Each structure stands twice: as C-alpha cells, then as structure tokens.
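[1] here is my input; please provide its structure:
(one chain, ligands or ions: 1)
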Amino acid sequence: MSRHALIVAGGGIGGLTAALALARDGHRVTVLEQASELAEVGAGIQLSPNASRVLIDLGLGDALARFAVTPDDIRIFSTRAGGEVGRTPLGNIPFERWGAPFWVIHRADLLGVLAEAARRTPGIELVLGARLRDVSAEPGEISVHATVDGEARDFRADGLIGADGVRSRVRVGVRGGPPARYTGRTAYRATLPIDAVPEEVRRSTGLWFSTRAHLVHYPIRAGREWNIVAIVEDAWHDESWSVPADRQEVARVFGLAKDRWPPLARKLLATPANWTKWALCGFDGNFEWTSGAVTLLGDAAHATLPFAAQGGGMAIEDAEVLSRALAGAPNVAAAFRAYESIRKPRTRAIVDRAVKNGRIYHMPDGLAFFRDTALRLGLGARLIDRMAWIYGWRPS
Ligand SMILES: Cc1cc2nc3c(=O)[nH]c(=O)nc-3n(C[C@H](O)[C@H](O)[C@H](O)COP(=O)(O)OP(=O)(O)OC[C@H]3O[C@@H](n4cnc5c(N)ncnc54)[C@H](O)[C@@H]3O)c2cc1C
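    Residues are numbered from 1 along each chain as shown. Just a heads-up that it's a prediction; the model follows:
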C-alpha cells in the first residue's frame, strides 16, 4: 500500500476522525483548523452503533466510555396526544444486535478524546489557527494556501480532504460547489445539571413531536448533565449563524404561553436560562465531491438536517471508508473517486430519511392523529428496527 502525505482542512468530528484513520494506515496527515483552540458547542451528540463502532476500532472506546451514557430507552411524546405515545428499549440492545453501543455524549468530550488521540499520534500534525484560503494543483501535488495566526503559509501534499463543515471553503471556493443556505429551521440548544431536570427523563432519550416543532433531550457527561435541543420552523434574521438566546425568546418562539405543550415539556423548555440558537443550513447535494486529489468529507459533502441524528455519524463513517479506499487504489485521485462512489448512495439515503423524519415530527394535528395511533399500536416499540439499515452499517 502506498503511503501518502495528506492535508485535512477542518479539525471537527469528521476531520479528526479522518486524521486518525489515515494515520493508522500509515499516511502522514496535516490537519488545518481555523480555530485557535479546539472547542465544540456546549451541546450533546448521539452516536449510534455505526459511528461508535468506527471510534472503538480506532482504539477510543475506553476514553469515550468514561464520558458517554447509554440511554435506557427512546421515549416518544406527542403534544397532540398530550403525552407519551411510544417507547423503544435501548440499553444494551444495540450492542447485542450490532456489536457496538448507542452513546450520547457531550461534544466537547468527544472532540477532546479525538484531539488528544490526534496529538499522541506521530503521523498527525495539528495546526491550529490555520484557515484554508485557496488551493492550487499541479500534477502529483496539491498546494494549500492558508493563513496561520494571520500569516500566509503554504502546505504541500498528495491530496486534500475538505472536512471544513457546512459552509466549506473547499466545497464552494475550491470545488465550485453549492453555497450553504438556511433551511427554514432553527435549533435552540442548552445543557443543564442533571439535578435540574425531573427524574423521569434523566436516563432516556426523549423525542417530542409538535406542529412545526420538536424537542430532543438526553443525558451527557457520564450522566452528570442533560442536553436539550428544541427545533422550530422559523425565519433567520441574525447576522451570525449562531447566537445566544434566552428563556423569554424560547417561551415566545415555542408558544409556552398557550396551552399547547404538556406540563412536562413546558417545564423542560422553561428551565434553561441560557440557550444557543443555530440556523440549520444545508445545500443541494447534486454535485461532485471529488476533483483530482481534492475531495470532501462530513458536513462539507453532505450536510443534513439533524432529524436522524446522523450528521456526525456519517462524517465518522466517511473517515473510515476514505482511509480504506486509499489502501485499495493505485493513487490518491482514484481512491477519492472510489470513496465518493461508495459513500454517495448511503449519505443521500440518510439525508432523505432526515427530511422525511422532519415531516413526521412536525405534522399538523389532523395527520398527527394517524402517526400517534401507529406509534401507540406498536410502531413506537419497534422504532429501532426501522433504523437497522443505519445502525447496522459496517465498513466493508
Ligand atoms: C442541532 C444539531 C443536532 C445534531 N445532532 C446530531 C446527533 O445527535 N448525531 C450526529 O451524528 N450528528 C448530529 N448533528 C450533526 C453534526 O453536528 C455534524 O454533522 C458534525 O458536527 C459534522 O462534522 P464535520 O467535522 O463534518 O464538520 P464541523 O463539525 O462543522 O467541523 C468543521 C471544522 O472545520 C473548521 N473550518 C471551517 N472552515 C475552515 C477553513 N477554511 N480552514 C480551516 N478550518 C476550517 C471549523 O472551524 C470546524 O472545526 C447535529 C447537528 C445540529 C445542528
């Protein structure tokens, strides 16, 4: 197998996982991350078995298990029905079924474990404060023009992987791909000490369906904290794509003054004093990720609405498939093409699933009656079966 020098633009979940998978296979990797320190938003992330499997195979299982929680179940609530309409047991079931756990974890803990592993890996150079500006290609060599702490610097390699997120410079500026746009959905995120939330929701993943809105919550930080995401169909007027929000704004946007939300949901929404509000962005996925020795990975390639909780999972899968493609191809360009052709059908199907979930989660009351009835009659208990094609994924 040829060993290559590769640049990964972006030190997020996808970029760092890719660096670790590539270094494991003997490649030399330079990660350029624009932030001067590696930090993630104060929020949680669900890692289903398709993603946790890759991280465990990279040797990160014990480090992650110190922070992760395995929820007892997924409980589904409907505001139309006024309470719970279905429950899928989780616990050890995903592990027994797919050989890897279903974890919920704070993003800072996940990124911390990835960054620590990258720092300890001799084949990885992590350059912080390094923003990719432009790229030029000559036969057999890619030059990345970046600014590092404000100073211009060039990096050369055999290939470039753009893992620079939904507003990717590599996708738009280098590949001429589509720009990110607001999807008409806004996410409000907050974390709380676990003692601040009612006992009955501390060990579960909770999913609340409402008209044009939904909530997701679960424990994080080894069960010491709790994470809530509240999503609403909205408009975006702020200049920045993520801004602080307060309790009053959440109460107004989610209509807490009206009697729509049952008491438990109102309590959950009313407890955090401070939230962060995110514009959910996406782009038309009909474009080529790869040109020669430049490709895309994670949100840069296939940003998704978070309604299947798979954006990070897909980035992690990408990382593993990309490094395997490099092992099996004659050169970087051929490997990147093979990687794209393997990944596109699956990522497209997952992005589509997330869009469909959005329609189901946000149904108006008339239609929601049929959804809630189906969930009550057994669909709720079998929900995990419908996710088997996602959770059961293995790199081949
Ligand atoms: C509300 C919400 C809930 C979610 N829940 C889940 C979930 O439960 N499970 C799940 O799997 N996914 C979830 N996701 C999706 C997940 O967060 C993303 O898919 C994931 O973070 C994508 O990782 P990434 O590495 O591709 O991109 P990012 O995390 O965006 O990382 C990109 C990195 O590139 C850097 N960068 C950008 N431009 C440059 C440049 N020019 N030069 C150098 N560096 C650059 C950025 O600073 C950043 O560090 C959720 C998303 C949202 C919004």
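
[2] quick one: secondary structure of the nearest residue to residue 339 once chain neighbours are set aside?
    Distances taken as CB to CB, 6 or more residues apart in numbering place residue 325 nearest to residue 339, at 4.0 Å, with adjacent residues excluded. Where you see a C-beta, it was placed from the backbone N, CA and C, and this is true even at glycine. Counting by DSSP: H, G, I helix; E, B strand; the rest coil, the backbone at residue 325 sits in helix.

[3] you'd agree residue 325 is up against residue 335?
    Yes. Using CB atoms under 8 Å, residue 325 is in contact with residue 335, at 4.4 Å.

[4] name the residues contacting each of the two.
    Residues within reach of residue 325 and of residue 335 at once, by CB atoms under 8 Å, 6 or more residues apart in numbering: there are none.

[5] neighbour count winner among those two?
    residue 335 (24 against 21; other CB atoms under 10 Å).

[6] next up, the contacts around that one.
    Contact analysis of residue 335 by CB under 8 Å, 6+ apart lists 322, 325-326, 328-329.

[7] flag the least confident of those.
    Lowest in pLDDT among these is residue 328, which has 85.

[8] looking at the nearest residue to residue 141 once chain neighbours are set aside now. What's its pLDDT?
    Closest residue to residue 141 in three dimensions, ignoring its sequence neighbours and counting by CB to CB, 6+ apart: residue 156, at 5.8 Å. For residue 156, the pLDDT comes out at 97.

[9] mind checking how far the spatially closest residue to residue 58 that is not a sequence neighbour is from the ligand?
    Excluding its sequence neighbours, the residue lying closest to residue 58 (CB to CB, 6+ apart) is residue 20, at 5.1 Å. Counting by CB to the nearest ligand atom, to the nearest Å, the gap from residue 20 to the ligand is 13 Å.

[10] returning to that earlier point: the residue nearest to residue 141 pairs with what?
    Residue 156 forms beta bridges with residue 143, as assigned by DSSP bridges.

[11] likewise for the one 5 residues further on?
    Taking DSSP bridges, one obtains residue 8, residue 295 as the residues bridged to residue 161.

[12] my guess is it meets residue 21, correct?
    No. Residue 161 lies out of contact with residue 21 (CB under 8 Å); the separation is 10.8 Å.

[13] now do the shared contacts for these two.
    Contact criterion CB under 8 Å, 6+ apart; residues shared by residue 161 and residue 21: residue 322.

[14] where does the stretch 51-200 of the chain get nearest to the ligand, which residue?
    The ligand sits closest to residue 165 of the stretch 51-200 of the chain, with a gap of 2.8 Å, by CB to the nearest ligand atom.

[15] show me which residues of the chain sit near the ligand.
    Within the chain, the positions near the ligand by CB under 6 Å from any ligand atom are 9-15, 32-35, 45-46, 131-132, 163-165, 169, 187, 189, 229, 278, 280, 298-300, 306, 309-313, 315.

[16] which of those residues are buried, as a ChimeraX select command?
    Selection of buried members from the residues of the chain next to the ligand for ChimeraX, criterion 16 or more other CB atoms under 10 Å:
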select :9,10,11,12,13,14,15,32,33,34,45,46,131,132,163,164,165,169,187,189,229,278,280,298,299,300,306,309,310,311,312,313,315
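
[17] in helices, which of the residues of the chain next to the ligand appear?
    Among those, the members falling in helices (DSSP state H) are 13-15, 169, 299-300, 311-313, 315.

[18] list just the nearest of those residues to residue 393.
    Proximity of those to residue 393 (CB to CB) peaks at residue 313, which lies at 8.7 Å.
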